[in-house]
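Trainee: Based on what follows, work out the 3D shape:
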Amino acid sequence: AEDEGIPSTAIREISLLKELQHPNIVRLCDVIHTERKLTLVFEYLDQDLKKLLDMCDGGLDPATTKSFLYQLLRGIAYCHAHRVLHRDLKPQNLLINREGSLKLADFGLARAFGIPVRSYTHEVVTLWYRAPDVLMGSRKYSTPVDIWSVGCIFAEMVNGRPLFPGDTDANQLQKIFKILGTPSESTWPTITELPDWKPDFQ
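Mentor: Numbering: from 1, shown residues only. Have a look, this model is predicted:
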């Protein structure tokens, strides 16, 4: 498909969104394929969560946070029940409308997963929302990568700022371990087997 000029991410997004019909997942209304370009037509939502957070100094009010978290979890639970990992959850990919509905968008990095868990690339999820095992090079992961991102988004809705705003993989891990503590074999069995694990992590 890449040879024909259609990115694989677009094909993946189209095929997954055709299967995922849920009130908390953005609806793909149409696909227009002309000789020169492919246009995906989605339902309209007013803004994304990132824009809303930028406007709300100090985080969202508790009722809004609770509602958005519930809707986010409903959407991701539906994805996981249909064996789909989103892999790029972040405020920019959560669309909201004036009625207070929240919908998951941008399935360009999403993957169908099977059992046993397959080996995937670790270049997933924007750095601030990336799970520590993925940061340490794990290519065998499953639904927890999305749940970690959900937790980071939840904290950001409450505090009004990113929980772990790192600028490199190493710096990101440093920020996580500073708050949550540095894991070891006793607290996280098999952690030392991860490709990018370093014994001197602080």
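Trainee: Looks like residue 159 contacts residue 59 (just checking).
Mentor: Yes - counting by C-beta atoms under 8 Å, residue 159 touches residue 59, with 5.2 Å between them. Where you see a C-beta, it was placed from the backbone N, CA and C, and this is true even at glycine.
Trainee: Compare these two (neighbour count), which wins?
Mentor: Comparing residue 159 with residue 59 by neighbour count (other C-beta atoms under 10 Å), the higher total belongs to residue 59, at 16 against 13.
Trainee: tell me the contacts of the more buried one?
Mentor: With contacts defined as C-beta atoms under 8 Å, 6 or more residues apart in numbering, the neighbours of residue 59 are 53, 65, 156-161.
Trainee: Then residue 180?
Mentor: No residues are in contact with residue 180 under the rule C-beta under 8 Å, 6+ apart.
Trainee: Go ahead and report the secondary structure state at the residue nearest the centre of the chain.
Mentor: Taking C-alpha atoms, centre = their mean, the centroid of the chain lies closest to residue 89, which sits 1.8 Å from it. In the three-state summary, residue 89 is assigned as coil, counting by DSSP: H, G, I helix; E, B strand; the rest coil.
Trainee: name the helices or strands packed onto the longest helix anywhere in the chain?
Mentor: With DSSP state H setting the assignment, residue counts place helix 62-81 as the longest helix in the chain. Secondary structure elements in contact with helix 62-81, counted by 3 or more C-beta pairs under 8 Å, 6 or more residues apart in numbering; DSSP states H and E, are strand 94-96, strand 102-104, helix 144-159.
Trainee: Which SSE is immediately downstream of it?
Mentor: With elements assigned by DSSP states H and E, the helix or strand that comes after helix 62-81 is strand 84-85.
Trainee: Perfect, that will be all.
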